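Participant: sequence below, structure please.
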Amino acid sequence: MFTSKADAFYATANAVWKLLRPINSALPDGPLPSPSWAPSRLLKQRDRVPMDTGVPRKILSLCPDCNHEAVEAVLKDEIDVADFRDNPGVIEAEILEEGGRILMRKACERHGPFEDALSNHPDFFRKMERLAFGRDFECVDDCNVHGHGANSIRSGRGTYLIVDLTNRCNMMCSPCFMDANAASYVHELTMEDIKVIFSNALSFKPQREINILFSGGEPTVSPIFLDAVRHAKSMGFHRLHVATNGVHFAESRDFALRAKEAGLHAVYLQLDGVSEEKNRHRGLGNYMAVKRQALENIAAAGMRTTLQVTVTNGVNNDGLGDIVQFALQNVDKIHGVVFQPIMFAGRDERVSADERYARRYPVTQLAFDLHEQTSVDWQPMRDWFPVSDFGIFAHLCDVLNPDAHLGSLFQETHPNRGIFSPLLVDTNQKQAIPIPAFFDLEQFMGDIVEITDSGRGPAATKALVSLSILRNFNRQKAPSGFGPADLRHVLEDCFYRVAGSSDHWSQKAYSYDGRWRVMIFNGMWFQDAFNYDFSGICNSTTPVATTQGEISFCAYYGGGWRKVVEHQSRTATLAEWHRTHGRHEIYANGRKVDLGQPMHSAEAKLVQIEAEPLVVPSNN
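Facilitator: Here you go, the predicted structure:
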């Protein structure tokens, strides 16, 4: 007996689905659209190249020592870049299960064996591999962008395009995958470099929605930061972000306002914990005061913040639950959290084996630590998914919008490297529940793949998706007061994460102000030379944009390409830079940031966001 008419309706939706499914399967599949931005028709699941998965399996990796020697040979002009491109230190490796762990083992004839742990939870590891969505289109017309030998990107649109404006920084901390402030030279992009980078970004197919992430060093110390944001905006990029330590944003609300006016959409704010103790390794004397003031100033300027957390075993892995609680308490300012297990590159690339074993934090451990450290009732095997599953929703948007000028934001991260979990947050109570606790997300994603593969056209596709939403929603397990209309509003709000672009995209993205909000927690593990897997490089979703093309983030920082590129195009020696530009401030050894500065512009006004209703993308 059903407790309400709504429950009866959901049961009816499930019955109708089971009735329609065999009928739909019996009909011939229709063709998918062939949009102008794509190199071919949209891909059905059977057409996608699957991710390279399975345990055990053989892979290609790097010898850390051979790779280091090859980079040093380029820097000493003993070999040229072409030699490094073709011979970066490739060796064979194996991924296997042993002693309740998933390991990577490899041996170099010259430098001996290397071992690293990929997971302490084999069942979870295998589940992420099982649920991974297949690869995107092969890239075409990209010979001037992706020519980096074994490290070349061969497929996909990318999710984040990293633009490193400078190797200078106003802090001196570890870990630092760039080794900022430690090089003997300054590498800093000019506006001419910026123009080349964004021209390259538009030069090949699949053409794409992509998040631009200005980075460094500390990108806000670059004199062209605001001009670079303006130029990207003028080229049609609207998802404009900056990865920052927040010092400049904390020092001046005026700076945050000017960044928003230039076109910045949101901020990725480095935060390793919610106490001074958890951030002592960063060297900033008033760390949490800076972060809180940055959050306030960013929000006052009309932007939201994503927390970017470097997770190091033995340093802050026991404080991740506190970061989640901090995010929930500041849900009006914080969009989500990205946990990034430490990569041993840059400042840490020559780490000893013992220290690496002690500090290594496999990304799968995140799901289990958050289960233990929070009261959210996170269930690792129920509530986490590979980030490549975002591609399922991007593909749905592409099917519903065959005339779109750009492809949706398509995640293609390997399941060993990226996981996510969505929480439904009650903004009134500042409490959260995992969405899979009341909505069968795994089954819903399987339904979408089945629906889009049938090629029924936008109207029928939307009707079937709506039916699937109802059949996968368990009202009895949902939070009190959360009903079908709330579910629809929440899902509509989520579509901007993968689709939609216009001059007013940023305002529309922030227009939803309902009681319920989705906050996504991501785990992104970038490879270093010790756990390098080339099968995750060819479809990198986080390329670094350089004047020499786009290079996988892992290849750039973990595989030695950063030093090679900077060697080719360094701006000046450090001594020359100091003579002509002076020394910029560096906050280290407990030095505090002065947060007493008022707004500098009397004319500055807070950005007003006008609410506009969001709708599920369609071609109508």
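Participant: what about residue 424, distance to residue 493?
Facilitator: According to C-beta to C-beta, to the nearest Å, residue 424 and residue 493 sit 11 Å apart. Quick note: C-beta positions are derived from backbone N, CA and C, even for glycine.
Participant: buried residues in the longest helix along the chain?
Facilitator: Longest helix of the chain, by residue count under DSSP state H: helix 5-26. Under the neighbour-count criterion of 16 or more other C-beta atoms under 10 Å, helix 5-26 has 10, 13, 17, 24 buried.
Participant: and the least confident of these?
Facilitator: Lowest pLDDT within the buried residues of helix 5-26 is found at residue 10 (71).
Participant: quick one on the thing from earlier: what helices or strands is the longest helix of the chain leaning on?
Facilitator: Secondary-structure packing of helix 5-26 (3 or more C-beta pairs under 8 Å, 6 or more residues apart in numbering; DSSP states H and E): helix 441-454, helix 458-472.
Participant: more crowded one of residue 424 and residue 493?
Facilitator: Here residue 424 and residue 493 are compared on neighbour count by other C-beta atoms under 10 Å; more neighbours surround residue 424, at 22 against 18.
Participant: isn't the more buried one up against residue 516?
Facilitator: Yes: applying C-beta atoms under 8 Å, one finds residue 424 in contact with residue 516, separated by 5.9 Å.
Participant: what's the overlap in contacts for those two?
Facilitator: Here residue 424 and residue 516 have 482, 490 as joint contacts, going by C-beta atoms under 8 Å, 6 or more residues apart in numbering.
Participant: how about the helices in the stretch 451-600 of the chain?
Facilitator: Assigned helices in the stretch 451-600 of the chain, in chain order: 458-472, 484-494, 505-509, 553, 561-569, 574-581 (criterion: DSSP state H, counting those that start in this stretch).
Participant: before we move on, back to that, got the CA positions of the longest helix of the chain in PDB?
Facilitator: Once non-C-alpha atoms are left out, helix 5-26 reads as follows in PDB (Å, rounded to 0.1, in the frame of the first residue of the first chain):
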ATOM      1  CA  LYS A   5      -0.300   9.600  -4.400                       C
ATOM      2  CA  ALA A   6       3.200  10.700  -5.300                       C
ATOM      3  CA  ASP A   7       4.600   7.200  -4.300                       C
ATOM      4  CA  ALA A   8       2.000   5.600  -6.500                       C
ATOM      5  CA  PHE A   9       3.000   7.800  -9.400                       C
ATOM      6  CA  TYR A  10       6.600   6.900  -9.100                       C
ATOM      7  CA  ALA A  11       5.700   3.200  -9.100                       C
ATOM      8  CA  THR A  12       3.600   3.800 -12.100                       C
ATOM      9  CA  ALA A  13       6.500   5.600 -13.800                       C
ATOM     10  CA  ASN A  14       8.700   2.500 -13.200                       C
ATOM     11  CA  ALA A  15       6.000   0.200 -14.600                       C
ATOM     12  CA  VAL A  16       5.600   2.400 -17.700                       C
ATOM     13  CA  TRP A  17       9.400   2.400 -18.200                       C
ATOM     14  CA  LYS A  18       9.400  -1.400 -18.000                       C
ATOM     15  CA  LEU A  19       6.600  -1.500 -20.500                       C
ATOM     16  CA  LEU A  20       8.200   0.900 -23.000                       C
ATOM     17  CA  ARG A  21      11.700  -0.400 -22.800                       C
ATOM     18  CA  PRO A  22      11.200  -3.600 -24.800                       C
ATOM     19  CA  ILE A  23       9.100  -1.700 -27.400                       C
ATOM     20  CA  ASN A  24      11.900   0.900 -27.700                       C
ATOM     21  CA  SER A  25      14.500  -1.800 -28.000                       C
ATOM     22  CA  ALA A  26      12.500  -3.600 -30.700                       C
END
